[in-house]
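A.B. asks: Provided below are the primary sequence and the corresponding predicted coordinates.
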Amino acid sequence: MKVKCLKILSPATGKDLGEKSTWLTAGKEYVVLALTLEFDEIVKVLIESDEGSLKDFYFNQFEITDSSYPENWITKCGENSIVWKAPESWLVDGFWDRLDDGEEEAIAEYMEERKNMI
């Protein structure tokens with residue numbers, strides 16, 4: 001799945017931040033690595049930002065340019081009516097904490113699944 005950034009909005013205020021930020025560039029296409037759908041109909045996309053870090057962004061800043069879901073995505077329903085679409089290994093409890101901590105196994109899992117989507 002791919003999206004193109006249409007605008008850059010402040011996650012705190014919703015204010016338009018212009019054409020470029022540290023994380024996004026308007027007009028640039030990004031590969032969606034995961035989706036989060038929250039109970040209040042908020043949709044977030046997980047992408048690698050322009051500076052190379054993983055970030056969740058509200059979907060209303062993007063348009064879909066390729067709607068095909070990666071073959072390695074599954075759907076998981078969680079507590080509080082949250083639904084995730086992502087690789088199964090990423091949805092295991094503690095995965096994101098292990099990745100943030102720089103654990104080699106988590107990094108290898110991330111890179112392997114990412115390779116299948118890029």
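C.D. replies: Noted; the coordinates are in hand.
A.B. asks: in stretch 111-118, what's buried?
C.D. replies: 113-114, 117 (16 or more other CB atoms under 10 Å). All C-beta atoms are positioned from the backbone trio N, CA, C, and that covers glycine.
A.B. asks: got a list of contacts for it?
C.D. replies: Contact with stretch 111-118 is made by 31, 33, 70-72, 87, 89-90, as judged by CB atoms under 8 Å, 6 or more residues apart in numbering.
A.B. asks: next one: stretch 65-75
C.D. replies: Contacts of stretch 65-75 (CB under 8 Å, 6+ apart): 1-4, 29, 34, 83-88, 91, 113, 116-117.
A.B. asks: Separate out the buried members of these.
C.D. replies: Using 16+ other CB under 10 Å, the buried ones in those are 1, 3, 34, 84-87, 91, 113, 117.
A.B. asks: Tell me who's in contact with the residue positioned nearest the centre of the chain.
C.D. replies: With distances taken as CA atoms, centre = their mean, Leu46 lies nearest the centre of the chain, 0.6 Å away. Counting by CB under 8 Å, 6+ apart, Leu46 touches 32-36, 54-56, 86.
A.B. asks: go again using 7 Å as the cut-off
C.D. replies: 32-34, 54, 56 (CB atoms under 7 Å, 6 or more residues apart in numbering).
A.B. asks: Quick check on these: which are buried?
C.D. replies: Of these, these count as buried by 16+ other CB under 10 Å: 32-34.
A.B. asks: In strands only, show me the buried ones among the contacts of stretch 65-75.
C.D. replies: Cross-referencing the buried ones among the contacts of stretch 65-75 against strands under DSSP state E gives 3, 34, 84-87.
A.B. asks: farthest-separated two in those?
C.D. replies: Comparing every pair within these by CB to CB identifies Val3 and Pro87 as the most remote, at 17.8 Å.
A.B. asks: Model confidence for the spatially closest residue to Glu29 that is not a sequence neighbour, exactly?
C.D. replies: Spatial nearest neighbour of Glu29, chain neighbours left out: Lys4 (4.9 Å); criterion: CB to CB, 6 or more residues apart in numbering. Lys4 is assigned 97 on the pLDDT scale.
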